[in-house]
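Undergrad: Next come a sequence and a model predicted from it.
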Amino acid sequence: METSSLAGSGLRPGREIQPAVAMNTIPTLSFDEINGLAHSVSSDLRHLFDQAAQAVTSVCAADGRLDPARLDAHQYVCYELALAAAELLAAENALLDVANCSPLDRALAFAFLSDTASVVLQKLEVIFFELDVNSAALQALAANATLASLRRASASNAALTMIGRAVAEADGDCGAVTLDDSTEMAQAAFRRFAAEVVAPQAEKIHRHDLTVPEALLQPLREMGVFGLSIPETYGGSALMMIAITEALSAASLAAAGSLITRPEILARALLSGGTERQKAHWLPKIAVGEPLCAIAITEPDFGSDVASLSLRATPTSGGWLLNGAKTWCTFAGKAGLLMVVARTSAERAAAHRGLSIMLVEKPSSDGHEFDFVQEGGGRIQGRAIPTIGYRGMHSFDLAFEEFFVPDSHVIGEEGGVGKGFYLTMAGMVGGRMQTAARAVGVMHAALGAAARYAGDRRVFGHALIDYPLTQVKIARMAARFAACRRLTYAVGRRLESGAGRMEASLVKLLTCRSAEIVTRDAMQIHGGMGYAEESAVSRYFVDARVLSIFEGAEETLALKVIARNLLEQKLGLLHD
Ligand SMILES: Cc1cc2nc3c(=O)[nH]c(=O)nc-3n(C[C@H](O)[C@H](O)[C@H](O)COP(=O)(O)OP(=O)(O)OC[C@H]3O[C@@H](n4cnc5c(N)ncnc54)[C@H](O)[C@@H]3O)c2cc1C
């Protein structure tokens, strides 16, 4: 039986970084002992979670089906349930294969579970309280000796300070995942490109609100970035897309890591509903980034409520005329191809069945505004919305005026009319995974920056990292990052085998929230410098904030996708 100084992880106090304040001792437990505690706690949490999910199902269902009015009336508990589900899944996943992890990753997995237990218990407590469920089992777990032993061994001051020092020594490099050779090599190549080419330009693009320059786009085209999202003949795979997105996002979310999102969504819509002719025509072009594309779903009056979109497409000879407004269309200026979701049925009752996807071609432009007039007089005007972060691609307000789209440019052509909602949703799973990978990349960068700064900065006569509070913070950031990273790749693997759609929503929810937490702490560790535009952590912080807003706003994702799915599983209507 293996024993060591940090609760079975094999982690030992660092040599280079010395604590400024003496640590408490941690109980010496073998790996088997702590692993046993962790599995016992995680299975108790799952049991309680199932009880809570059952209770929420009971109040939200009528006649064996979910009732929309009841779901709305019980949003608070549905939301807490979805958040608890995401945290718990990440903690469970972190424990899988923990025996084969490095000592640091083992310690992080156990620390994350300990922290997560508190978060999950608190959310379940809300549900039990709100629904008047007997919470004796919950209170028993909260007070249980196994949980206390796990906490003492893995998330006490003594444990976290040791973990924090080890993370700092490793410059934040943790959360290892197993990749095949080609994905590993591709990620390494993109990490080099990100560090050498993207990172030096990222600050300037952000501070001067520039458009992503060709000096970045062209090498990325040549490296095959835009084809990553297109499976089958174009060689894309979920894991490769995640690995490369993570590498690029660590250098810049907006100027590199998010370039793949748009082709991902458009390619999925084409693959799901395009005619063979459309696929053969557009996919090779999208795969090489000629033209670049943008996605126009959101409108001034409808964002989360995609089924109600109102931009009108009226039939005309040989095609359709678009009239109306879109907003937040990211990269619409630089793009030569817009995927526009439009209402092709005038009947209000048609709701989501009245939408279709139009492919709109336009000239690419670098500016913050554009005005394109077609030969027949149709027009699109665009104006970039100034934002606090996520700069480089710019997100545009768009106004369409009698803009002509030929029938050949409706995805699915005649057969695609009315299928726009379903085809849009087809791209959402990939978009959510890609967003999770973006969040992981930003977290990784923030953690590394915080670890290095804490090593360099001296306060009250010691390096910042020598203080227990800094060590605890770094440990918690790393535990969250590592759990998110490992879950993202695990779900990517599930998607490749045709499963994991629900987990893609859970991992999106978790990683995007986590990116806010980790970048916030990274900024805080930098003190005043963290608030300066010249330090990268200020950019990570403002960039991370958008992640929970797009690709399924947090509340919509939690309520309309995750909670519904969890409750439908309880009703026996779904199996994932
Ligand atoms: C930087 C940026 C880039 C973007 N890029 C694109 C893009 O390229 N293409 C595109 O089409 N869109 C894009 N978006 C738009 C984004 O997808 C939407 O902002 C998002 O879907 C939310 O829609 P909304 O802004 O209309 O918010 P609303 O739908 O008005 O929601 C407002 C708030 O209410 C919450 N909410 C919604 N429904 C409920 C409910 N039933 N109960 C309780 N709370 C609820 C939401 O979660 C949100 O917090 C981008 C947005 C940003 C900020």
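TA: Arrived safely, thanks for sending. Numbers count the residues shown, from 1 in each chain.
Undergrad: Residue of the protein nearest the ligand, please.
TA: Closest contact between the chain and the ligand, by Cβ to the nearest ligand atom, is at Gly303 (1.9 Å). Bear in mind the C-beta positions are built from the backbone N, C-alpha and C, glycine included.
Undergrad: so that residue, which of the three states?
TA: In the three-state summary, Gly303 is assigned as coil, counting by DSSP: H, G, I helix; E, B strand; the rest coil.
Undergrad: doesn't Gly552 make contact with it?
TA: No: taking contacts as Cβ atoms under 8 Å, Gly303 lies outside contact range of Gly552: 10.5 Å.
Undergrad: who's more crowded, these two?
TA: Higher neighbour count among Gly303 and Gly552: Gly552, with 23 against 17, using other Cβ atoms under 10 Å.
Undergrad: Quickly note the distance from the more buried one to Met428.
TA: Per Cβ to Cβ, to the nearest Å, Gly552 is found 7 Å from Met428.
Undergrad: Surely Leu138 and Lys123 touch.
TA: No: taking contacts as Cβ under 8 Å, Leu138 lies outside contact range of Lys123: 10.6 Å.
Undergrad: Please, which helix or strand holds Asn323?
TA: With secondary structure defined by DSSP states H and E, Asn323 is part of strand 319-330.
Undergrad: how about the residues of the stretch 401-550 of the chain near the ligand?
TA: Near the ligand, the residues belonging to the stretch 401-550 of the chain are 546, 549-550 when assessed by Cβ under 6 Å from any ligand atom.
Undergrad: My error: substitute the chain in the last question.
TA: Taking Cβ under 6 Å from any ligand atom as the criterion, the neighbours of the ligand within the chain are 75, 295-298, 303-304, 328-330, 387, 390, 395, 546, 549-550, 553-556.
Undergrad: The same query, at a cut-off of 8 Å, please.
TA: With Cβ under 8 Å from any ligand atom as the criterion, the chain meets the ligand at residues 72, 75, 261-262, 294-299, 301-306, 326-332, 341, 385, 387, 390, 395, 546, 549-557, 559-560.
Undergrad: PyMOL command to pick out the buried ones of these?
TA: Of the residues of the chain next to the ligand, the buried ones can be selected in PyMOL as follows, counting by 16 or more other Cβ atoms under 10 Å:
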select buried, resi 261+262+294+295+296+297+298+299+303+306+326+327+328+329+330+331+332+341+387+390+395+546+550+551+552+554+557+559+560
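Undergrad: Looking at the residues of the chain next to the ligand, which are in strands?
TA: When strands are assigned by DSSP state E, the members of the residues of the chain next to the ligand inside them are 294-296, 326-330, 341, 395.
Undergrad: Show me which pair in the residues you listed is furthest apart.
TA: Using Cβ to Cβ, the two most remote members of these are Val341 and Ser395, lying 16.0 Å apart.
Undergrad: quick revisit: got the ones in strands among the residues of the chain next to the ligand as a markdown table, with pLDDT columns?
TA: As requested, those are arranged in a markdown table below (pLDDT from 0 to 100):
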| residue | pLDDT |
| --- | --- |
| Ala294 | 98 |
| Ile295 | 97 |
| Ala296 | 98 |
| Lys326 | 98 |
| Thr327 | 98 |
| Trp328 | 98 |
| Cys329 | 98 |
| Thr330 | 98 |
| Val341 | 97 |
| Ser395 | 98 |
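Undergrad: Reformat those residues as JSON lines; add distance to Glu361.
TA: Below are those laid out as JSON lines (distance: Cβ to Cβ, whole Å):
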{"residue": "Ala294", "distance to Glu361": "12"}
{"residue": "Ile295", "distance to Glu361": "15"}
{"residue": "Ala296", "distance to Glu361": "13"}
{"residue": "Lys326", "distance to Glu361": "16"}
{"residue": "Thr327", "distance to Glu361": "21"}
{"residue": "Trp328", "distance to Glu361": "21"}
{"residue": "Cys329", "distance to Glu361": "15"}
{"residue": "Thr330", "distance to Glu361": "18"}
{"residue": "Val341", "distance to Glu361": "16"}
{"residue": "Ser395", "distance to Glu361": "20"}
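Undergrad: Contact partners for Leu398?
TA: When contacts are counted by Cβ atoms under 8 Å, 6 or more residues apart in numbering, Leu398 is found next to 296, 325-327, 329, 332, 338, 380-382.
Undergrad: cool, His409 as well?
TA: His409 makes contact with 319, 358-361, according to Cβ under 8 Å, 6+ apart.
Undergrad: Just the buried residues of those residues.
TA: For the contacts of His409, burial is judged from neighbour counts taken by 16+ other Cβ under 10 Å, and it is met by 319, 358-360.
Undergrad: Switch those over to CSV, and while doing so, append secondary structure to every line.
TA: CSV is the format used below for the buried ones among the contacts of His409 (three-state DSSP):
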residue, secondary structure
Gly319, strand
Met358, strand
Leu359, strand
Val360, strand
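Undergrad: Just put those in JSON lines and tack on pLDDT.
TA: Conversion of the buried ones among the contacts of His409 to JSON lines gives the following (pLDDT from 0 to 100):
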{"residue": "Gly319", "pLDDT": "97"}
{"residue": "Met358", "pLDDT": "98"}
{"residue": "Leu359", "pLDDT": "98"}
{"residue": "Val360", "pLDDT": "98"}
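Undergrad: So which of those residues is the closest to Ile34?
TA: Taking Cβ to Cβ as the measure, Ile34 lies nearest Leu359 of the buried ones among the contacts of His409, at 55.1 Å.
Undergrad: Distance of the residue nearest to that closest one when sequence neighbours are not counted relative to Lys362?
TA: Excluding the flanking residues, the one nearest Leu359 by Cβ to Cβ, 6 or more residues apart in numbering is His409, at 4.3 Å. Taking Cβ to Cβ as the measure, His409 and Lys362 are separated by 12 Å.
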